[in-house]
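Engineer: Compute the structure for the input listed below.
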Amino acid sequence: MNAAVVGAGIVGLAAADSLARSGVDVRCFEAAEPGSGQSAGHTRVFRHIHDRADLVELVARARRGWDEWGERAGEPLVGNEGVLFASPDAEELAALLAEAGVEHRVVDEHEQRRLLPVLEPPGGAALYDVRGGAIRAGEAIAALVAGLGERLVREEVVAVDRDGLLETAFGSRRFDRVLVCAGARTPELAEPLGIDLPLEIRDHTRATFRTRSEHGRLACWMDRTNAFGATIYSGPVAALDAFAVGLATEDSDPAGSVARVRAYVERGLPGLDPEPVDTITRPLTILPWHPDAFAIWEADAV
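Structural biologist: Residues are numbered from 1 along each chain as shown. As a prediction, the model looks like this:
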């Protein structure tokens, strides 16, 4: 059996890696630099904390997969910083973690400052996800690309059909199966197959800030309290001695997002220099029924 994967973000690379290790003759097609679309940036937050039991169970399985990737790469690809999560629903979220056997604890403001010295706590207890942490996004992409080797094809896919015919600017080739993981381009490739994807696509901006002084390990921070005028996610960028911060909800323009992030940093993360050293804006695809939803559609060989 042979298969094509369209898109070399983290999802496409993970799929191609899994197929290759299962003995499938796979090719992963990407026109741009791998990981330069939705997967771009220094870091992401890996968290077990979700509002549904099935998602918590899936993330626990995913954590084991990330550990296996790290062993193959020879370095951890998810850090051991942990994730601090402040939310009015902390008690309910803690119950879901307990049900899944995920290590966690509820921490007061004193321990929040100890785990994240750059933080001004918004008030009240927070949930600490012990095995959460900062994803080393660039290292993860590089490790998966290295594992694929010549299976990664630097060509843009312009169309696929239901029979598995894949067209690029360099010609066409038929595959037994085609898996499309093309981020914001997925609806464009799916429409000729009769698949209407209910995706909302919008720009998402993250900004990176230096720490004002040297610290040891810094936990990731997710704030859903709106105490400082925004809901955010953030995590350390060890290579830069910095912290990346993004909004959990977006403004309609990147400049507005950066302004709101800076305002949050000044109030909630005063241990960071509020002048960003880097900003990145990339398309974000969202399904309407849940902010962390994912789904699969099928059309014959695709």
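
Engineer: From L218, how far off is the closest residue to E99 other than its chain neighbours?
Structural biologist: Excluding the flanking residues, the one nearest E99 by Cβ to Cβ, 6 or more residues apart in numbering is A53, at 6.3 Å. (C-beta placed from N, C-alpha, C; glycine too.) Plainly put, A53 is 29 Å away from L218 if you go by Cβ to Cβ, to the nearest Å.

Engineer: More neighbours: which of these two?
Structural biologist: Using other Cβ atoms under 10 Å, the more surrounded residue of A53 and L218 is L218, with 26 against 13.

Engineer: Is it correct that the more buried one is in contact with R114?
Structural biologist: No - counting by Cβ atoms under 8 Å, L218 stays clear of R114, with 10.9 Å between them.

Engineer: Spit out the contact partners of the residue nearest in space to the middle of the chain.
Structural biologist: With distances taken as Cα atoms, centre = their mean, the residue of the chain nearest its centroid is R44 (5.0 Å). R44 makes contacts with A134, I135, A137, G235, as judged by Cβ atoms under 8 Å, 6 or more residues apart in numbering.

Engineer: Quickly find the element holding it.
Structural biologist: Per DSSP states H and E, R44 falls inside strand 43-46.

Engineer: Can you name the element that comes right after that strand?
Structural biologist: Following strand 43-46 in sequence order, the next helix or strand is helix 53-73 (DSSP H and E).

Engineer: if you average pLDDT over the very next helix or strand once past that next one, what comes out?
Structural biologist: The helix or strand immediately downstream of helix 53-73 is strand 83-86, counting by DSSP H and E. Mean pLDDT, strand 83-86: 98.

Engineer: Can you list the strands that strand 83-86 pairs with?
Structural biologist: Its sheet considered, strand 83-86 pairs with strand 126-129 (antiparallel), strand 220-223 (parallel) by DSSP bridges.

Engineer: Now do the very next helix or strand once past the last one: everything it contacts.
Structural biologist: So the one you mean is strand 220-223. Moving toward the C-terminus from strand 220-223, the next helix or strand (DSSP H and E) is strand 232-237. Applying Cβ under 8 Å, 6+ apart, the external contacts of strand 232-237 come out as 42-45, 79, 81, 133-135, 208, 217-218, 220-223, 242-248, 261, 264, 268-269.

Engineer: Separate out the buried members of those residues.
Structural biologist: With burial judged by 16 or more other Cβ atoms under 10 Å, the buried subset of the contacts of strand 232-237 is 42-45, 79, 81, 133-135, 208, 218, 220-223, 242-247, 261, 264, 268-269.

Engineer: returning to what we had before: okay, who's weakest in the contacts of R44 by pLDDT?
Structural biologist: Ranked by pLDDT, the contacts of R44 bottom out at A137 (94).

Engineer: Quick check: the gap between that residue and V59.
Structural biologist: The gap separating A137 from V59 is 17 Å, by Cβ to Cβ.

Engineer: I'd like to check which residues are in contact with A263.
Structural biologist: F228, G229, A230.

Engineer: Most neighbours of all the residues you listed, which one?
Structural biologist: Neighbour max across the contacts of A263 (other Cβ under 10 Å) = A230, 20 neighbours.

Engineer: That residue and G246: what is the separation?
Structural biologist: 10 Å.

Engineer: W297 too?
Structural biologist: Distance from W297 to G246, by Cβ to Cβ: 28 Å.

Engineer: Identify each buried residue in stretch 150-165, please.
Structural biologist: So, applying 16+ other Cβ under 10 Å, buried residues of stretch 150-165: R151, L152, V153, E155, E156, V157, V160, D161, G164.

Engineer: Okay, and which of the residues you listed map to strands?
Structural biologist: L152, V153, V157, V160 (DSSP state E).

Engineer: Tell me the one among the contacts of A263 nearest to P192.
Structural biologist: Nearest to P192, judged by Cβ to Cβ, of these is A230 at 39.8 Å.

Engineer: just checking, the closest one touches Y264?
Structural biologist: Yes - counting by Cβ under 8 Å, A230 does reach Y264; the two are 4.6 Å apart.

Engineer: shared neighbours of the two, anything?
Structural biologist: D223.

Engineer: Mind jotting down where the helices sit in the stretch 201-302 of the chain?
Structural biologist: With DSSP state H, counting those that start in this stretch as the criterion, the stretch 201-302 of the chain has helices at 254-268.

Engineer: For it, give me the ranges with low pLDDT.
Structural biologist: Applying pLDDT under 70 to the stretch 201-302 of the chain flags residues 250-252.

Engineer: what about V237, neighbour count?
Structural biologist: Residues contacting V237 under the criterion other Cβ under 10 Å number 23.

Engineer: Find the nearest non-adjacent residue to it, please.
Structural biologist: H42 (4.4 Å).
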